[in-house]
Each structure stands twice: as C-alpha cells, then as structure tokens.
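A.B. asks: Make a model of this:
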Amino acid sequence: VSIIAATSAVPASATSLLNGQEHYYTVQFRSDSKATVYAKLAFQNGQSDKDRDTYTFSLPSGVSADSLSVQQIIAKKTEVSTCNPKIVIGSSTAAQNCPVTTTGYDDDFDFFSNNNNYGYYYDYYYPESRYDDKYEYTDVTPSVNGQTYTVKLPRAIKPHKQGAVLVTFVSTDYVTSAFGGQFTYDFRTLMTNEMIDEASVAINFDEELYSRDVDQKRTSGATTTKSIQSGADASASYESKRIDSLIPPIGNGGEYNRSQTKMLPGDVLSVKGSYATNPTLLFLKEILAGIAIT
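C.D. replies: Okay, the predicted model is just below:
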C-alpha cells in the first residue's frame, strides 16, 4: 500500500485541510483483466453562507473508466409513529409493528459513518431489517474535462452539512497480464482537490482466482455473490431498497482491506498485488529461479 501524490490531474482551486472527505471502495478483480469499482464518496460543505451544488473528482493518471455512472445519495427523514410496540392481550404481551413514515429529506444525516451505526455484519446479513427506502438515488450525468468529472448535485448540500455520491465503473487499466493466467494489479483511488480524512479499500477476486494476498488459497468470492452482484443488478434497475444493500459492504468485508488516513489534496492510495487462474502461477518466479539454480 502506498500514497502517491498526483496533484497535476486535480483541478486548480483553493484547498483546505479542514472539512475533509471520506472515501470507501470495493474492487472486484476478474480473469479478463477487468476491475469493477464501487465507490461511496462522502464530503462536506465547509462554507457557512451558501449551499454546495457541485462535487468534483478525478481518475488517477493512466486510468480510463467504462460504464461510469454517478448517483447522488440522498437521505430521507424517517419518523416512527408514537404507537406502543407492545400490547397487552389478557395476561400475555404481544408485539406489534409501529409504522414508519418518511417526511422530506434529512439534511443532518451523517454520511461519514459508513455503517450508519448498525455495523457491517448486521447490514450484510440482515439487510431487509435495516433498510426501508431510507435513501433516494438520483442519477447525475457529470461533465468531463480530461480525467476530471464535475457533478451538478440535484439536491444541494446546506452549509456545514454532508453529502455523498455513489460512483461505479469498470476499468482495464488497473490490471497487467504478466504470463498466461498470471496478473498483477495496482488499484489507485479517485482524486479530489480536498483533504481525504480516510480512504478504505476492500479487494475481492472472482471465485476461480487465486491470490497470494489471501494466504495463497482460492478466493471465496463471497462478497461478490451476496453484495456486489446484487448491487450490479440494482444499478440497472435503480430500485432504492436493493441499492441500499450495496452501500454498507463498500469498503468493508473484502478478501482483504487497506486504508489510509489524512491524505492531502491530490493524493492517491495505491493497493498492489497479484492473482492467477492457477496457484502454481503465483510462484512462477520462484519456480524458474529454482530451476536455474539446479
């Protein structure tokens, strides 16, 4: 894991070391050299006198994105009715559901708590008990200037409040094929012209792949099966409740995870490693070196 300074690709503007962002990524590496990327980018409006209606991010140098999509994540304000969840029937007590309603939008929502205080495992295994149309996802078509994407937010962020966007894309530029079914990768995070207080990356592989980064064993692909695949389906259908199940695993629960704090404007978190379609290929250099010695 390394931090790369790459400020040249970030649009020139006044920067601040306050009001930092938090970024969460889940990356799925495939045997066709493609990487699918899901990113939740949470940011703030550090201004006190006006709303923030734009958000800008940049692809790292040398990386292009296919099928890139952006949705603004908008939190709804929920209210629970005042009904008593327990009712007495004779000498016994029974439970009843108290209705939950949504009334407008929650401008005070904490997007910087990635798990929203429920915890990753709770959200992952019991998604239906956690989500009840709490969010809206509004499609945004960003303007593009070279490697930089500027998003016009459908719902502006009020002063000193938080916002978030969901960015998904596919890229062939993170992976290099070294020999046959052997691959090396260098995943680099998106760049911004603001401080990033924390960046977290969850790395996953397709089930038929092997990686030295996960104890030289065949990868499980569990996150793909339950979370990322459902998220891909949701991206096509835009059903809010199904996209809700995608958000908590982003940046969590990968085959392995890497993180970095206090990244300066323009910094990139780089996560490097290798994988292969056959475990023998992971040790090809060592095998060839052994043959040469003998």
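A.B. asks: From now on I want contacts and neighbour counts done on CA atoms only, so please keep to that.
C.D. replies: Fine.
A.B. asks: Quick check: buried residues in stretch 163-181?
C.D. replies: In terms of neighbour count (16 or more other C-alpha atoms under 10 Å), stretch 163-181 has its buried residues at 163-175, 177, 181.
A.B. asks: err, stretch 40-51, not the other one
C.D. replies: Buried residues in stretch 40-51, counting neighbours by 16+ other C-alpha under 10 Å, are found at 40-46, 51.
A.B. asks: out of the buried residues of stretch 163-181, which are inside strands?
C.D. replies: 163-171, 175, 177 (DSSP state E).
A.B. asks: In TSV, list these along with pLDDT and distance to residue 207.
C.D. replies: Listed next are these as TSV, based on pLDDT from 0 to 100; distance: C-alpha to C-alpha, whole Å:
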residue	pLDDT	distance to residue 207
163	96	34
164	96	31
165	96	29
166	95	25
167	96	24
168	95	21
169	97	20
170	97	18
171	97	19
175	95	17
177	81	18
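A.B. asks: In this protein, spot the strand with the most residues.
C.D. replies: strand 66-80.
A.B. asks: Quick one: mean pLDDT over that one.
C.D. replies: Confidence for strand 66-80, expressed as mean pLDDT, is 89.
A.B. asks: So what touches the helix or strand hosting residue 22?
C.D. replies: Residue 22 belongs to strand 21-29 when elements are defined using DSSP states H and E. Contacts to strand 21-29, defined as C-alpha atoms under 8 Å, 6 or more residues apart in numbering, come from residues 35-44, 112, 114, 194-206, 224, 249-252, 254.
A.B. asks: TSV please, covering the ones in strands among the buried residues of stretch 163-181 and showing distance to residue 276.
C.D. replies: Converted to TSV, those look like this (distance: C-alpha to C-alpha, whole Å):
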residue	distance to residue 276
163	39
164	35
165	33
166	30
167	27
168	25
169	23
170	20
171	18
175	12
177	9
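A.B. asks: nearest to residue 30, of the residues you listed?
C.D. replies: Looking at these and their distance to residue 30, the nearest is residue 175, at 9.2 Å (C-alpha to C-alpha).
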